[in-house]
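*Asks:* One predicted model, sequence on top.
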Amino acid sequence: MRASRPGEADLFIAGDFNLTPDILAGVISAADRTIGTGSTLNSKGGQTANLYDHLLVFDKHATSELVMDAKVLDVRNRVSSNKVFYQTVSDHLPIMARFFRNRADDD
């Protein structure tokens, strides 16, 4: 990312890394700004303790618009059952963060 955006320090990545926070911390220098547990589901649609989805921030001073750490959002109740969610939507729950978009470099 830094190579494609020279001079930009306000960089973050969100996604499924298939790594727990402690393992992820050992392989990347960005700060994991995700709190909580349970972003993955078992085959019955039950929430596990695994947090594999993360919001990574590369420079907390340059990314001041992040006003709330990411957390897991349980949206399984949008379908008829947890198992149906797992089978038709995803084996992961989304993560949600809040950003304030009113800074000079927010693009």
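*Replies:* Yep, that arrived.

*Asks:* distance between the top helix by length along the chain and the chain's centre?
*Replies:* The helix that spans the most residues within the chain, counting by DSSP state H, is helix 82-88. The chain centroid and the centroid of helix 82-88 are separated by 21 Å, computed with Cα atoms, centre = their mean, to the nearest Å.

*Asks:* Could you give the separation of the helix or strand following that helix from the chain centroid?
*Replies:* Past helix 82-88, further along toward the C-terminus, the next helix or strand under DSSP states H and E is strand 95-99. Centroid displacement of strand 95-99 relative to its chain, using Cα atoms, centre = their mean, is 8 Å.

*Asks:* what's the distance between the closest residue to Arg78 other than its chain neighbours and Ala31?
*Replies:* Nearest-residue entry for Arg78: Phe85, 7.5 Å, with adjacent residues in sequence omitted and distances by Cβ to Cβ, 6 or more residues apart in numbering. (Glycine included, C-beta is placed from N, CA and C.) Between Phe85 and Ala31 the computed distance is 30 Å (Cβ to Cβ, to the nearest Å).

*Asks:* tell me the average confidence for the longest helix of the chain?
*Replies:* On average, the pLDDT along helix 82-88 is 97.

*Asks:* which stretches of this structure aren't confidently modelled?
*Replies:* Applying pLDDT under 70 to the chain flags the ranges 102-107.

*Asks:* Tell me which stretches of it form strands.
*Replies:* Applying DSSP state E to the chain gives strands spanning 12-16, 31-32, 34-35, 53-57, 66-72, 95-99.

*Asks:* Hmm, Leu41 is touching Gln87, no?
*Replies:* No - the pair Leu41 / Gln87 is not scored as a contact, 10.2 Å apart, by Cβ atoms under 8 Å.

*Asks:* These two: which is more packed in?
*Replies:* The residue with more neighbours, out of Leu41 and Gln87, is Leu41; 22 against 14, by other Cβ atoms under 10 Å.

*Asks:* who does that one bridge with?
*Replies:* Gln47 (DSSP bridges).

*Asks:* No further questions, thank you.
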